[in-house]
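>>> Need a 3D model of the sequence below.
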Amino acid sequence: MAAFQLIIPEGNYENDDAVDRVIEYVCRLNKPKQIGGLGVYPLQPEYMICQFKAVKNYYGKIAGKQIFHLIISFDKSLNFSIEEIVEMGYAIAAYWGAERQVVFAVHDDTLNKHIHIVINSVAYTNGAYKAFYALDEIRDYIDSVVQAEIDRKWFGK
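Coordinates of the predicted model:
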């Protein structure tokens, strides 16, 4: 296995409750130290949901794909700690965070620790709608973040 696997869950996320359902699912482990975000105050799932919806309502963009959801599963042989994955979560969220709200949560309930990332399809900066991204660019960016953490952890760089 590579250092990580990028997974795009099935679903069009166009339903009215997509924001609620995905953020509630992502935060379901109820481990606040494993939740983070940019452009939101990641204290409680219901607050993050309200913040995503507030941006959509402000710009009048409540139709279409509501969120972009991805999962990054890490090779267990890398032995990343929860704290290291949370740090990487913030670095990965920065890919979108300058203009979009991003929520993430680290899950440790499977064989491989993984992180769910949820991105608002409406930019808080100008209301621009974007529901799809070039996966090769995302994968390259994530790879740079993960490789930097591997270098730090294993090689002291």
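>>> for the residue nearest the centre of the chain, which residues make a bridge with it?
In the chain, the residue lying closest to the centroid (Cα atoms, centre = their mean) is Ile117, at 1.5 Å. Assessed by DSSP bridges, Ile117 has beta-bridge partners Leu70, Phe104.
>>> and it, what pLDDT?
For Ile117, the pLDDT comes out at 98.
>>> separation between it and Val19?
Relative to Val19, Ile117 is positioned 14 Å away (criterion: Cβ to Cβ, to the nearest Å). C-beta here means a position set from N, CA and C on the backbone, and glycine is covered the same way.
>>> One more: Tyr133?
From Tyr133 across to Val19, the span is 18 Å (Cβ to Cβ).
>>> again, but for Phe155
40 Å.
>>> ok, these two, which is more surrounded?
Val19 (24 against 7; other Cβ atoms under 10 Å).
>>> can you confirm that one is in a strand?
No: Val19 sits outside any strand when classified using DSSP: H, G, I helix; E, B strand; the rest coil, being helix.
>>> in terms of contact, does it touch Ile49 like I think?
Yes: using Cβ atoms under 8 Å, Val19 is in contact with Ile49, at 5.6 Å.
>>> What is the end-to-end distance of stretch 63-76?
Its start and end residues considered, stretch 63-76 measures 39 Å (Cα to Cα, to the nearest Å).
>>> which intervals of this protein have sub-threshold pLDDT?
1 (pLDDT under 70).
>>> ok, now with 50
Within the chain, not a single segment meets pLDDT under 50.
>>> Show residues contacting stretch 121-135.
Identification of contacts with stretch 121-135 by Cβ atoms under 8 Å, 6 or more residues apart in numbering yields 6, 8, 13, 39, 55-56, 58-61, 64-68, 98-101.
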